[in-house]
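[1] give me a 3D structure for the following:
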Amino acid sequence: MINTIIFDMDGVLLDSVPQHRQAFAEVFRDVGVHVSNDDFREVSGMTTPDIIRNIAKKHGMEVDVEVMSEKKDKKALEKISKDMRIFDGVRDVVKNLRNNGFRIGFASSSDKSVIDHFMEKGGLKGMFDSVVMGIDLHRSKPDPEVFLLATEKMGSRPESSVVVEDARNGIIAAKRARMKCIAIKNDFIRPEDIKKADVIVNSIKEITPEMIRKL
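    Next up, the predicted model:
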């Protein structure tokens, strides 16, 4: 029986995927590389350093990953801070699930500064039973570490947990962790990737305690 729900942040709680993609595109443009949508799909959900490392390798480049990561995270935070958009229904959905007895985890590979800003401005501090972020991780999605660590912090079992994701690597990571997965549709995920999820929704507002109990 499912008793734990783990939420990714970017593209699930926070409408920030476009800003992150713009930031990555800008730092790569500075070194003469055009990043395509296919480039992004392959690495979506990974940590910033791993995204930079993988895209650079694909384009046959050697880059200073640490320097580029700092530049990208700074650009992304500036963009998100100017126009932070939390998806409609996030607070109500999380509150409803908590009130129905579910443990609620937050698991993102994003930088701490972005997550702290999101929690503060979004009024979501204290609403999660565990918080996992990029600084806590040794491996990027599709490795399941991020979700397994979230359940460990809450004393939950993987097989009693469901992950809410929006990206190919996140869905794969959830299934590798032996967890159920609810996928939220977007313009970037391919049909063959999203169909690997147990449930597909158009919006976070569609997620209810009844839906979780049926998994």
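[2] CA only for contacts and neighbour counts going forward, please
    Noted.
[3] measure whatever residue is furthest in space from the centre of the chain to residue 23 for me?
    The C-alpha centroid of the chain is most remote from residue 32, which lies 27.7 Å away (C-alpha atoms, centre = their mean). Residue 32 is 14 Å from residue 23, where distance means C-alpha to C-alpha, to the nearest Å.
[4] which residues sit against stretch 202-213?
    1-2, 12-13, 87-90, 93, 96-97, 100, 162, 184-186, 201 (C-alpha atoms under 8 Å, 6 or more residues apart in numbering).
[5] now those: which count as buried?
    2, 12, 13, 87, 90, 93, 97, 162, 184, 185 (16 or more other C-alpha atoms under 10 Å).
[6] which elements pack onto the helix ranked longest in the chain?
    Longest helix in the chain, counting residues (DSSP state H): helix 65-82. Packing contacts for helix 65-82, counted by 3 or more C-alpha pairs under 8 Å, 6 or more residues apart in numbering; DSSP states H and E, involve helix 17-29, helix 48-58, helix 112-122.
[7] how about residue 109, nearest residue that isn't a chain neighbour?
    Leaving aside its sequence neighbours, residue 109 sits nearest to residue 134 (C-alpha to C-alpha, 6 or more residues apart in numbering; 4.0 Å).
[8] which residues touch the one you found?
    Counting by C-alpha under 8 Å, 6+ apart, residue 134 has contacts 47, 108, 109, 110, 111, 112.
[9] recalculate using a threshold of 6 Å.
    109, 110, 111 (C-alpha atoms under 6 Å, 6 or more residues apart in numbering).
[10] same check, this time on residue 86
    Counting by C-alpha under 6 Å, 6+ apart, residue 86 has contacts 13, 14, 15.
[11] could I get the phi/psi values of the closest residue to it other than its chain neighbours?
    Distances taken as C-alpha to C-alpha, 6+ apart place residue 14 nearest to residue 86, at 4.5 Å, with adjacent residues excluded. For residue 14, the backbone dihedrals (degrees, to the nearest 10) come out as phi -120, psi 130.
[12] who does residue 14 bridge with?
    residue 10, residue 86 (DSSP bridges).
[13] number of residues surrounding it?
    19 (other C-alpha atoms under 10 Å).
[14] what's the answer for residue 41, then?
    Residue 41: 16 neighbours (other C-alpha under 10 Å).
[15] try residue 114
    Neighbours of residue 114 (other C-alpha under 10 Å): 17.
[16] so it versus residue 163, what's the distance?
    Residue 114 is 21 Å from residue 163, by C-alpha to C-alpha.
[17] just the pLDDT for the residue nearest to residue 149 when sequence neighbours are not counted.
    For residue 149, ignoring the flanking residues on the chain, the nearest one in space by C-alpha to C-alpha, 6+ apart is residue 132 at 7.3 Å. Note on residue 132: pLDDT of 96.
[18] just residue 107 next, same as before
    Reported pLDDT for residue 107: 96.
[19] so it makes contact with residue 9?
    No - the pair residue 107 / residue 9 is not scored as a contact, 7.1 Å apart, by C-alpha atoms under 6 Å.
[20] how about the contacts made by the nearest residue to residue 20 once chain neighbours are set aside?
    Nearest residue to residue 20 in three dimensions, chain neighbours excluded: residue 76, at 5.4 Å (C-alpha to C-alpha, 6+ apart). Contacts for residue 76 were tallied using C-alpha under 6 Å, 6+ apart; they are 19, 20, 23.
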